[in-house]
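Student: Mind folding the following:
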Amino acid sequence: MTRVLRIELRRSAAPGVGLLLLAVGTAYLGLSNTYTGRWAALAAEHRLGLVLLIPLALAGGAWYGRRERRQRVDELLATTPRPGAQRRLVAAGALAVTVLAAYLLAFAVGAVRVAPDATYLPPGLARTVAVGAVALVAAAWLGLALGRVLPQPVVAPAAAVVAAGAMVAARMYVTGGFGDDLPRAVLLDPILDGADDFSAILGRVHAGQALWLVGLAATAAGLLAAGRRHQVAFALVPALVGGALAVPLLPTGGSMGAYAFDRGAAALVCADGEPRVCVTKVHAVTLPQVVGPARASLAALAKLPDAPTSAVERVERMGPAARESQPAPRAADTLSFPLYFDPSGRLELTGDELRDELIDAGIPWCPSTHPADDDGSLRDDVAHRVARAWLRGAPPARPTMPDMAEFDVMQQRLYRELTALPQDEQLRRVAALRRAAQDCRNGLYPILAGEAAR
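Tutor: A predicted model of the protein is given here:
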């Protein structure tokens with residue numbers, strides 16, 4: 001059997017299908033820059049690429065499955081003593097080998113970009129890759145069974161178009177749904193989106209998808225081996241059983257319910273020395289870039305009473321996973337700041353820009369509770385910007401939008417008035433504004449302009 005499999009791998013269309021999947025999978029990951037230095041992001045992006053790979057695997061299997069009819073040897077082979085099921089299962093094995101190799105090699109190509117800067121290996125990484133691999137094998141085997149039953153040339157491209165359309169429609173349904181209104185069964189789709197750096201796919205989601213996909217692959221293998229109608233009916237059992245076992249395991253809410261907070265990714269990694277500066281473990285590669293600006297910002301804030309004495313990255317979650325509970329807030333003496341990354345995975349702000357951003361974080365901004373027809377919100381925004389500019393030691397930046405001219409006049413005038421005061425009075429007003437901002441109170445402008453004391 002091993003010898004027959006080697007011959008099948010050398011002389012059949014299976015290597016061609018694998019090479020096509022490898023080329024598309026590698027190109028997809030190569031064109032995406034969203035996962036640099038982060039294993040979980042690479043695995044999620046690789047799984048998202050199944051939108052392209054599953055239709056291609058289905059079409060490749062369907063083309064491979066019509067081999068005997070295409071070469072007009074199906075009737076001849078039917079007269080040989082070797083069972084047809086054995087031939088078809090060997091072909092399925094060859095196809096599985098090439099499909100798996102293509103999927104794993106594409107992941108390995110992405111891993112070359114991740115490994116040099118990665119600082120955190122999520123525990124569910126192998127399961128995320130494995131479930132995607134099983135999905136691709138199941139699609140290839142279903143295509144093989146389809147090509148056996150319908151050996152017409154149009155079937156392979158039609159299968160790819162239908163599969164792609166169905167997957168896009170499923171994505172639109174899931175992303176357009178609302179929370180718990182989505183049924184559990186939508187998570188049978190192996191393509192998950194909405195993860196962030198601090199999210200991990202739930203183990204029950206991995207288990208449910210694996211049960212369903214293994215059942216689907218077993219059904220495809222059964223259809224390949226089936227020679228009679230009752231065997232075809234029996235071949236459907238694994239998919240039905242797999243789905244019946246999988247759905248109760250899956251959470252409700254679609255992608256919103258598929259993730260849990262990854263506390264390992266959010267664990268802190270701190271720089272040597274004082275003051276204390278820490279970032280999360282998943283972003284530890286950025287610590288050398290952050291520590292200098294963070295300590296400079298702490299030095300700028302030190303002029304205020306009760307100033308923060310340490311700086312720690314704040315966990316900010318986005319997408320569906322953001323509804324999970326957030327970590328506990330930092331202590332009052334800690335400057336909490338988020339890190340933002342550009343599409344290539346690098347810090348958006350570095351050096352002096354990052355320092356100024358961290359100084360600004362020392363005076364938090366809360367959503368306004370002013371009435372919609374009250375200009376107090378605009379005035380408070382002006383005061384907030386002026387106080388931050390005072391901490392940085394430079395006038396507030398001028399807005400670039402033409403309709404912000406009045407706003408700019410207000411903030412420049414308030415800044416000049418503030419800096420013309422004695423140093424002690426400047427410090428008193430900015431400190432009072434900071435306390436009010438920390439309590440999310442309105443009325444920041446009168447505090448900084450000295451109107452509150454009148």
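
Student: could you point out which element follows the helix or strand bottoming out on mean pLDDT in the chain?
Tutor: Using mean pLDDT, DSSP states H and E, the weakest-scoring helix or strand in the chain turns out to be helix 74-78, at a mean of 44. Using DSSP states H and E, the helix or strand that follows helix 74-78 in sequence is helix 84-114.

Student: got the residue ranges for the helices in the stretch 201-350 of the chain?
Tutor: For the stretch 201-350 of the chain, the helices defined by DSSP state H, counting those that start in this stretch cover 203-225, 229-235, 237-246, 263-266, 287-301.

Student: Reformat the ones you listed into CSV and put mean neighbour count and mean pLDDT next to each item.
Tutor: Just so you know, the C-beta spots here come from the backbone N, C-alpha and C atoms, and that holds for glycine as well. Below are the helices of the stretch 201-350 of the chain laid out as CSV (neighbours: other C-beta atoms under 10 Å; pLDDT from 0 to 100):
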stretch, mean neighbour count, mean pLDDT
helix 203-225, 22, 91
helix 229-235, 13, 78
helix 237-246, 17, 92
helix 263-266, 18, 91
helix 287-301, 20, 93
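
Student: got the ones you listed as CSV, with distance to Leu192 columns?
Tutor: Listed next are those as CSV, based on distance: least, C-beta to C-beta, whole Å:
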stretch, distance to Leu192
helix 203-225, 8
helix 229-235, 28
helix 237-246, 15
helix 263-266, 17
helix 287-301, 30
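
Student: if we compare these, which one ends up closest to Cys278?
Tutor: Comparing the helices of the stretch 201-350 of the chain by their distance to Cys278 (C-beta to C-beta), the top pick is helix 287-301, with 8.0 Å.

Student: what sits up against the closest one?
Tutor: Contacting residues not belonging to helix 287-301 are listed as 269, 271, 275, 277, 279, 307-311, 313, 335, 337, 339, 347, 350-352, 354-356, 358-359, 361-362, 391-393 [C-beta atoms under 8 Å, 6 or more residues apart in numbering].

Student: Inside strands: which ones of these?
Tutor: Using DSSP state E, the members of the contacts of helix 287-301 that fall in strands are Val269, Val277, Val279, Ser310, Ala311, Glu313, Leu335, Phe337.

Student: Would you enumerate the residues in contact with the third one?
Tutor: Spelled out, it's Val279. Val279 makes contact with Leu268, Val269, Thr286, Leu287, Val290, Val312, Glu313, Leu339 under the criterion C-beta under 8 Å, 6+ apart.

Student: how about a cut-off of 7 Å?
Tutor: Applying C-beta atoms under 7 Å, 6 or more residues apart in numbering, we find Val279 in contact with Val269, Thr286, Leu287, Val290, Glu313, Leu339.

Student: what's the most distant pair in those residues?
Tutor: Checking the contacts of Val279 with C-beta to C-beta, the most distant pair is Val269 and Leu339, at 12.5 Å.
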